[in-house]
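Peer 1: this is a predicted model, with the sequence first.
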Amino acid sequence: MTPKTIYYYSGTHWDREWYQSFQGFRYRLVTMMNDLIEVLESQPDFAVFHLDGQTIVLEDFLEIEPGKRGRLQKLIQDRRIIIGPWYVMPDEYLLSGESLIRNLIKGIHISGEWGTEAWKYGYLCDIFGHIAQMPQIFNGFGISHAVVGRGVNDHTVPAHFLWRSPDGSECITFKLQDEGMYGAFLVALNEADSKKLSGEEKDAFLKERTDFELKRSPFPVHLLMDSCDHGHIRKDTNNVLETLRRLYPEAEFKHVNIEQMGVQLEQYRDQMTVRTGELNESTKKKGFNRLLPNILSSYYPLKQANDNCQTLLEKWVEPLTALAALKGKALQKTYVDLAWTYLIQNHPHDSICGCSIDQVHQDMRYRFDQSAGISEQLVRDVMNQEANKYVPSEGSWRNVISIWNPLPFARRTVVTVDLDLPVNYPFKNEVHYGYEAKNSFKLHNHLGEEVPYGLVSMRKNWKYRAFNQKVGAYNRHTISFEADLPAMGYAEYDVVPFEGTCRYLQVMSRHEREVENEHLKLSIDNDGTINIYNKASGSRYEHLLSYLDDGEIGDGYNHANPVEDRLISSYGAPCIIERIENGPVRTVFQITHTIMVPSRIEELPYGFIRSAEMTALTIRSKIGLSQGAAYVDVETVVENNVRDHRLRVSLPTGCQSDTYFVNQPYAFMERPTGVDTSTQDWKECAVAERQMGGIVGKRGSDGNGLAFVSAYGLHECAAIDDEYGTIHVTLLRSFRRTVESNGEEGGQLIGKLNYKYVIAPMDQSTSYADLVRLQDALQAGVRTWSAKIGEAYTIAAPTSHFQLSESNICLSALKQPENGSKNEIIVRCCNMSSDSSTARFSSSHVVRNVMKVNLNEEGSEALLHEKDGFDIQLKAWEIQTYRVHFLEDGDS
């Protein structure tokens, strides 16, 4: 037989915050790191220690022990402490693809600052399931080997298997044990010590546990994991290795960087079991391993804040600051870097998943606020630079509305914008005998064509404070109109004073509960549910947007119903239906449900029950349909004054299919509906609730169907096996239990919760890329401002800076290079389909050259281009990054 090679892994897994706050865990981290330095320096024959694949621990340690950088750096440069590739060990399902990439970029950069190369291992030891595209992301950084814990079982994959992304990228992957997970051999050592075994008994016990591990591998390459949560270096590691060598004299033991194991396993690549796509299995065996799927719906406000911060950075800050730099108005890139740092520091799996103590989540809110605050200042700065061209002239009452679209595709869409007019604006509508004075103006596009608008609201004497402490006021008129927005650019609309009365009698809705446009007809039933009729396909979707409320005795990890539960439906509950906006281009209804639900869970001596005391739970939704829209938009507010419950929204799609689809970073997954009942006797049975990246939908056999697309924060859905093809989306889980505590209030989410999403009928031509662009538009919205202009000002034609032609290829990033190179941008795209696809990237700036680069922005493969852009060709589900260099002014 081929001699066995057994690798011994020394390391730790360091949760930065979890059942203690960051400061509590950091206090322990400093002790662990000091021990690590002392042991490695005093034991030169101790070969290597793996620092959990993340570099943030180095920053946290040096803030307290700055004088020990030199000693620590020597051990790192000697490769006795292995660092990187992550900055923090993140969750995968709850983040954008860009967040995962920036996390790795930062971790690799920090490793370089310590004078070493980042660890070439995709270390995912404790993450709650794994996305399909993770091997491709790792490959983009030159990483071709991985370690995973949760999401797969010993009975479905062996210790070594090949994990393949939808594009074909692969990682040779080691699956940690179900029983001991990443600390399997450590658990054995600790158990042997606790039992106070004699020498022979201890040898027999360790051999039994080691034999169990050896049987897991179909190849003569094995790994023993001496690592655990917040574990310290084992000072007697060399003694343990001596014992193992004595017990297995025929084997070669290696206490090395396990990159060597990856290299050795390459010879078996063609023989390995292949798993393609996401790793998302619940757990069968008893032991440490658990998937913990309901972290997706814990602490909704954290998920909402994270999605908002990602949107600000990816869709506003980075494109705008890259554009400003090309125009010679560069902002400090360190601001952008700092906003990303605050954000990524909230991405450790126990943080963003909402399964920590309240203090952790309070600390996270601060970081989200800092990230968002920096981003808003950067966007405002760029916008102010653009606004400087508007110079008012004395005696002019003209105003301009400037609307920015940060997305790489043109949009014809209804926008709702604030128009700020002087308090003394002299032009008034003379109607209704002056009961409510309205400013009189007309709106024109750049061609001078009149654009009808609806007046949504007015705010008189609206205060503002300028940078110089000057306080002023204006009259704010909020209006809705249909705008033509260029790709990644802006359009201007002329606000022209009008002598006399300006009104538009055309309205979209002619019935108090119905409205239609050229694509859809929306109607509202007496119970507050809505119906959507798709004119193109003839499909009708009925009784959408009812609500389900049930009991919650779980925690940040798991949803759990009490045995004596009561499921309460909004059907039959009182509701109020109002039409609150009805103009020429947009109609909005407001539906208010008042549902009587149990106030809390009562924990009685004999068990849990939902209380007999009932509380009115108010759910208020604004349902809008705009001219030209092929979807219905919804904004929901839940006044959560109830404890210990779960609230879901229900969408009976009517699609009789046994699969549904969801999005995740750089991919869409099709999954079977319902629950796998064969798992009912497993340690952790399968549940209906699964991950989505904000998009979930179903199609029928004719290709028609319905998609739910969320802007922020909603990441848990379920597709039910019923005759209605129902999809549930979890809005909130209120729970009293937090890890390692006696119960805390933070998880109850008492207060106002806001949601924003659309419901979009689909036909055969609707692609996944179409849904991505719809979500991008919903998340990004538009940015607008109004300014006074002189009579001589000419309204500019819509201006586009960059454009990606519509195909199956979507833009992931447009940003300045990490190295700060001038006159360059980084463009990253992904093919969101299972077919090869092409697209055209166009630029208003003259292109000098284009290089294909990896995810770390390295590479020199030249790409054919023209002065105004280049063609992109991607295979199925491929992610590709380009470095685009532009001519400077005066170059030829």
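Peer 2: Nice, I can see it. Numbering: from 1, shown residues only.
Peer 1: buried stuff in the longest strand seen in the chain?
Peer 2: For the chain, the strand with the greatest residue count under DSSP state E is strand 471-485. Using 16 or more other Cβ atoms under 10 Å as the test for burial, strand 471-485 gives 474, 475, 476, 477, 479, 480, 481, 482, 483, 484, 485. For the C-beta atoms, the positions are set from N, CA and C on the backbone; glycine is no exception.
Peer 1: let's have these in a markdown table, adding distance to residue 444 and pLDDT.
Peer 2: Compiled in a markdown table, those are given as follows (distance: Cβ to Cβ, whole Å; pLDDT from 0 to 100):
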| residue | distance to residue 444 | pLDDT |
| --- | --- | --- |
| 474 | 21 | 87 |
| 475 | 21 | 90 |
| 476 | 21 | 92 |
| 477 | 16 | 93 |
| 479 | 13 | 96 |
| 480 | 16 | 97 |
| 481 | 11 | 97 |
| 482 | 13 | 98 |
| 483 | 12 | 98 |
| 484 | 13 | 98 |
| 485 | 16 | 98 |
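Peer 1: re earlier: sheet partners, orientation included, of the longest strand of the chain?
Peer 2: When pairing is defined by DSSP bridges, strand 471-485 lines up against strand 411-422 (antiparallel), strand 454-465 (antiparallel).
Peer 1: so after it, what's the next helix or strand?
Peer 2: strand 489-497 (DSSP states H and E).
Peer 1: ok, residues contacting that next one?
Peer 2: Strand 489-497 is contacted from outside by 386, 397-405, 419, 421, 425-427, 440-446, 448, 451, 481, 483-485, 786, 795-796, 798-801, using Cβ atoms under 8 Å, 6 or more residues apart in numbering.
Peer 1: let's see that with 7 Å instead.
Peer 2: Outside strand 489-497, the residues that touch it by Cβ atoms under 7 Å, 6 or more residues apart in numbering are 397-405, 419, 427, 441-446, 451, 483-485, 786, 795-796, 798-801.
Peer 1: and the strand or helix carrying residue 403, what's its mean pLDDT?
Peer 2: Assessed by DSSP H and E, residue 403 sits inside strand 399-405. Mean pLDDT, computed over strand 399-405, is 96.
Peer 1: centroid-nearest residue for this structure?
Peer 2: Nearest to the geometric centre of the chain sits residue 95, at 3.0 Å (Cα atoms, centre = their mean).
Peer 1: residues in contact with that residue?
Peer 2: Residues counted as contacts of residue 95 (Cβ under 7 Å, 6+ apart) are 347, 665.
Peer 1: state the phi and psi torsions of it.
Peer 2: With angles defined as degrees, to the nearest 10, residue 95 sits at phi -110, psi 160.
Peer 1: ok so, going back, for the strand holding residue 403, name the packing helices and strands.
Peer 2: Using 3 or more Cβ pairs under 7 Å, 6 or more residues apart in numbering; DSSP states H and E as the contact definition, the elements that strand 399-405 packs against are strand 411-422, strand 471-485, strand 489-497, strand 783-788.
Peer 1: hang on, the earlier thing: are any of the contacts of strand 489-497 buried, and which?
Peer 2: If you count burial by 16+ other Cβ under 10 Å, the buried members of the contacts of strand 489-497 come out as 397-405, 419, 427, 441, 443, 445-446, 451, 483-485, 786, 795, 798, 800-801.
Peer 1: contacting residues around residue 179?
Peer 2: Applying Cβ under 7 Å, 6+ apart to residue 179 gives the contacts 285, 287, 288.
Peer 1: now do the SS call for it.
Peer 2: On the three-state scheme (DSSP: H, G, I helix; E, B strand; the rest coil), residue 179 is labelled coil.
Peer 1: show me the domain layout of the protein.
Peer 2: Per the record, the chain has its domains at 11-291, 300-386, 399-505+782-788, 514-766, 801-886, by automatic domain parsing.
Peer 1: can I get the ones you listed in CSV with distance to residue 772?
Peer 2: Putting those into CSV (distance: least, Cβ to Cβ, whole Å) gives the following:
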stretch, distance to residue 772
domain 11-291, 11
domain 300-386, 12
domain 399-505+782-788, 11
domain 514-766, 7
domain 801-886, 5
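Peer 1: just give me the lowest mean pLDDT stretch among the ones you listed.
Peer 2: Comparing mean pLDDT across the domains of the chain, the weakest is domain 399-505+782-788, with a mean of 90.
Peer 1: quick check: end-to-end length of that domain?
Peer 2: End-to-end span of domain 399-505+782-788 (Cα to Cα, to the nearest Å): 4 Å.
Peer 1: chain center to that domain: distance?
Peer 2: Centroid separation for domain 399-505+782-788 versus its chain: 33 Å, with Cα atoms, centre = their mean, to the nearest Å.
Peer 1: equivalent analysis for stretch 866-884, please.
Peer 2: Chain-centre distance of stretch 866-884: 24 Å, with Cα atoms, centre = their mean.
Peer 1: where along the stretch 251-400 of the chain do the helices fall?
Peer 2: Here the stretch 251-400 of the chain has its helices, by DSSP state H, counting those that start in this stretch, at 259-265, 300-311, 318-326, 333-344, 349-352, 358-387.
Peer 1: mind checking which of the ones you listed is nearest residue 685?
Peer 2: With Cβ to Cβ as the measure, helix 349-352 is the member of the helices of the stretch 251-400 of the chain nearest residue 685 (22.1 Å).
Peer 1: any idea of the pLDDT on the spatially closest residue to residue 524 that is not a sequence neighbour?
Peer 2: Of all residues not flanking residue 524 in the chain, residue 513 sits nearest, at 4.3 Å (Cβ to Cβ, 6 or more residues apart in numbering). Confidence at residue 513, expressed as pLDDT, is 97.
Peer 1: list the contacts for residue 513?
Peer 2: 523, 524, 577.
Peer 1: scan those residues and report the most crowded one.
Peer 2: In terms of neighbour count, residue 524 stands highest of those at 21 neighbours, by other Cβ atoms under 10 Å.
Peer 1: hang on, isn't that residue packed against residue 577?
Peer 2: Yes: in this structure, residue 524 is within contact of residue 577 by Cβ atoms under 7 Å, at 5.6 Å.
Peer 1: give me the common contacts of these two.
Peer 2: With Cβ under 7 Å, 6+ apart as the test, residue 524 and residue 577 both reach 513, 589, 591.
Peer 1: how about the last one, phi and psi?
Peer 2: Dihedral angles of residue 591 (phi, psi; degrees, to the nearest 10) stand at phi -120, psi 120.
Peer 1: tell me the contacts of it?
Peer 2: Going by Cβ under 7 Å, 6+ apart, residue 591 touches 524, 528, 575, 577, 621, 623.
Peer 1: give me the element the closest residue to the last one other than its chain neighbours is part of.
Peer 2: Leaving aside its chain neighbours, residue 623 sits nearest to residue 589 (4.7 Å; criterion: Cβ to Cβ, 6+ apart). With elements delineated by DSSP H and E, residue 589 resides in strand 586-598, which encompasses its position.
Peer 1: and the angle from that strand to strand 411-422?
Peer 2: 90 degrees (axes from the mean of the first three to the mean of the last three Cα atoms, to 10 degrees).
Peer 1: quick check: the residue nearest to the centre of the chain vs residue 131, distance?
Peer 2: 9 Å (Cβ to Cβ, to the nearest Å).
Peer 1: kindly report the same for residue 693.
Peer 2: Residue 693 is 9 Å from residue 131, by Cβ to Cβ.
Peer 1: higher neighbour count, those two?
Peer 2: Comparing residue 693 with residue 131 by other Cβ under 10 Å, the one with more neighbours is residue 131, at 28 against 25.
Peer 1: check contacts around the more buried one.
Peer 2: Taking Cβ under 7 Å, 6+ apart as the test, what residue 131 contacts is 92, 93, 278, 664, 665.
Peer 1: how about those residues in JSON lines, adding distance to residue 821?
Peer 2: JSON lines is the format used below for those (distance: Cβ to Cβ, whole Å):
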{"residue": "92", "distance to residue 821": "30"}
{"residue": "93", "distance to residue 821": "34"}
{"residue": "278", "distance to residue 821": "36"}
{"residue": "664", "distance to residue 821": "32"}
{"residue": "665", "distance to residue 821": "27"}
